[in-house]
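*Asks:* turn this into a model:
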Amino acid sequence: MTGVTHKLEEVRARVTAAARRYGRDPESIHLLAVSKGQTADAIRAAYAAGQREFGENYAQEAAAKMTELAELPLVWHFIGRLQTNKTRFVAERCDWCHTLDRQSVAERLSRQRPYHAAPLQVCIQVRVADSTDRAGVAVADLPRLAGLVAALPRLRLRGLMCLPPAETEFERQRVHFRRLRECQEALTDAGFALDVLSAGMSADLEAAVAEGATHLRIGTAIFGPRA
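*Replies:* Numbers count the residues shown, from 1 in each chain. So this is what the prediction gives:
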């Protein structure tokens, strides 16, 4: 698994270079290793290289890895489409959820979060592109949902997340991430204490860093293509 170590070093170098280019502290940017479709051995290799935060998309796959890797002090982020029948798994076994986009799901997560655990850290997924076939809350509906989520006792609203359409042009990539940042700034001005922008993947992490991303979700650039 020396390839994982090398690829992690390359990604960290990209993040550092982008942060310095746009006047940001590289230490303020969290790297989430997206491990869906990867083996427990690949995750162990990333852990050995210093990686601690991992993102998973599918509840059943994530649960198996969590059990196999239970001895490692990993931080688990759920970053997949969240259906109501999967909320108990996320509430009980994950540290973060990045894809909250409905009141009903938020209420289930709060109700199912164990009282002995810290509040579940959550981000609201925002639909930054004008397309109805993408997940996420519409920008116009974001303030209402943020207010409802912030009031739930077993959740802690940390920030916003987006999964924009794939763009190859740097400035087009920035447009979507800028819209997410502007949404966060509007909520902050309204009194919400938000400190997370979950944005950017392997192909567009530089654009995300330029627009203030604090959490990058990187899979292919670390692990290579999924089997």
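*Asks:* and stretch 55-64, which residues are buried?
*Replies:* G55, E56, N57, A59, A62 (16 or more other Cβ atoms under 10 Å). Every residue, glycine included, has its C-beta placed from N, CA and C.
*Asks:* for the third one, give its distance to E10.
*Replies:* Translated: N57. Per Cβ to Cβ, to the nearest Å, N57 is found 23 Å from E10.
*Asks:* where does this structure dip in pLDDT?
*Replies:* 1-2, 131-133, 227 (pLDDT under 70).
*Asks:* now the strands for it?
*Replies:* Assigned strands in the chain, in chain order: 30-34, 53-56, 75-78, 96-100, 120-127, 137-138, 155-161, 196-198, 215-218 (criterion: DSSP state E).
*Asks:* now do the second one: everything it contacts.
*Replies:* Contacts to strand 53-56, defined as Cβ atoms under 8 Å, 6 or more residues apart in numbering, come from residues 30-36, 43, 46, 62, 65, 74-80, 98, 217, 219.
*Asks:* write the PyMOL selection for whichever of those residues are buried.
*Replies:* Entered in PyMOL, the line below selects the buried ones among the contacts of strand 53-56, by 16+ other Cβ under 10 Å:
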select buried, resi 30+31+32+33+34+35+36+43+46+62+65+74+76+77+78+79+80+98+217+219
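*Asks:* okay if I get the strands of the chain as a markdown table plus distance to R172?
*Replies:* Shown next, in a markdown table, are those (distance: least, Cβ to Cβ, whole Å):
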| stretch | distance to R172 |
| --- | --- |
| strand 30-34 | 22 |
| strand 53-56 | 24 |
| strand 75-78 | 26 |
| strand 96-100 | 23 |
| strand 120-127 | 17 |
| strand 137-138 | 21 |
| strand 155-161 | 19 |
| strand 196-198 | 18 |
| strand 215-218 | 18 |
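*Asks:* for A186, which of those strands is the nearest?
*Replies:* strand 155-161 (10.3 Å; Cβ to Cβ).
*Asks:* what helices or strands is that closest one leaning on?
*Replies:* strand 96-100, helix 103-112, strand 120-127, helix 142-150, helix 170-189, strand 196-198 (3 or more Cβ pairs under 8 Å, 6 or more residues apart in numbering; DSSP states H and E).
*Asks:* the same query, at a cut-off of 6 Å, please.
*Replies:* For strand 155-161, the packing partners by 3 or more Cβ pairs under 6 Å, 6 or more residues apart in numbering; DSSP states H and E come out as strand 120-127, helix 170-189, strand 196-198.
*Asks:* restricting to C-alpha, output it in PDB.
*Replies:* Taking Å, rounded to 0.1, in the frame of the first residue of the first chain, the C-alpha atoms of strand 155-161 are listed here in PDB:
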ATOM      1  CA  LEU A 155     -27.200  17.800  16.400                       C
ATOM      2  CA  ARG A 156     -24.600  20.500  16.000                       C
ATOM      3  CA  LEU A 157     -24.900  22.500  12.800                       C
ATOM      4  CA  ARG A 158     -21.400  23.200  11.600                       C
ATOM      5  CA  GLY A 159     -21.700  24.400   8.100                       C
ATOM      6  CA  LEU A 160     -22.700  23.700   4.500                       C
ATOM      7  CA  MET A 161     -21.800  21.200   1.800                       C
END
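*Asks:* and H30, bridged to which residues?
*Replies:* Partner residues in beta bridges with H30, using DSSP bridges, are H215.
*Asks:* help me confirm that it comes into contact with L216.
*Replies:* No: here H30 lies out of contact with L216, judged by Cβ atoms under 6 Å, at a distance of 7.2 Å.
*Asks:* nothing else from me, thank you.
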